[in-house]
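Asks: no FASTA, just this:
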């Protein structure tokens, strides 16, 4: 199931710039361990889904997986071998804008070693550098 918004105010969004670190969504809230982005970028719907499947297969019975990012940015493209002009292309895919420090996935109900292996499988699929973080109890 491809993640995408039910409806948006504008079909086509501008590219924008990723500046600074994440101030929201940068702590492990739901689970015990999280996968944190170390650099900024776009994570597409297909990448999020591929990571979900890889992690879900690993934590199958005992753990629970939480996805903390949602792709709400439309990325447009023009067909290949098209001349210049004729406007902006049609929406091609949806992406989540990720700042450094954003928690992408969380997992609970499994040991730390299992979480390391699970997130190592997930990190291979991500287009950005990531690391494992533990929950901080205040």
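Replies: Sure thing, it's come through. Remember, predicted model here, so these are calculated numbers, not experimental data. Residues are numbered from 1 along each chain as shown.
Asks: where does pLDDT dip in the chain?
Replies: For the chain, applying pLDDT under 70 flags the ranges 1, 138.
Asks: note down every partner strand of the longest strand seen in it and its orientation.
Replies: If you go by DSSP state E, the chain has its longest strand at strand 90-98. Strand pairing for strand 90-98, using DSSP bridges, gives strand 41-44 (antiparallel), strand 73-77 (antiparallel).
Asks: give me the buried positions along the last one.
Replies: Taking 16 or more other CB atoms under 10 Å as the basis for neighbour counts, the residues of strand 73-77 that come out buried are 73-76. All C-beta atoms are positioned from the backbone trio N, CA, C, and that covers glycine.
Asks: what's the closest residue to residue 99 other than its chain neighbours sitting at in phi/psi?
Replies: Leaving aside its sequence neighbours, residue 99 sits nearest to residue 22 (CB to CB, 6 or more residues apart in numbering; 4.0 Å). Main-chain dihedrals, residue 22, degrees, to the nearest 10: phi -70, psi 130.
Asks: residue 67 now?
Replies: Torsion angles, degrees, to the nearest 10, at residue 67: phi -100, psi 120.
Asks: separation between it and residue 43?
Replies: Shown here: residue 67 relative to residue 43, a distance of 11 Å by CB to CB, to the nearest Å.
Asks: same question for residue 53.
Replies: Distance of residue 53 to residue 43, computed by CB to CB: 15 Å.
Asks: residue 125 now?
Replies: Per CB to CB, residue 125 is found 10 Å from residue 43.
Asks: residue at max distance from the center of the chain?
Replies: residue 83 (33.2 Å; CA atoms, centre = their mean).
Asks: could you look up the SS state of it?
Replies: On the three-state scheme (DSSP: H, G, I helix; E, B strand; the rest coil), residue 83 is labelled coil.
Asks: equivalent analysis for residue 36, please.
Replies: Here residue 36 is recorded as strand under three-state DSSP.
Asks: shouldn't it be in contact with residue 129?
Replies: No. Contact criterion CB atoms under 8 Å: residue 36 and residue 129 do not qualify, at 9.8 Å.
Asks: settle it for me: which of the two has more neighbours?
Replies: residue 36 (23 against 12; other CB atoms under 10 Å).
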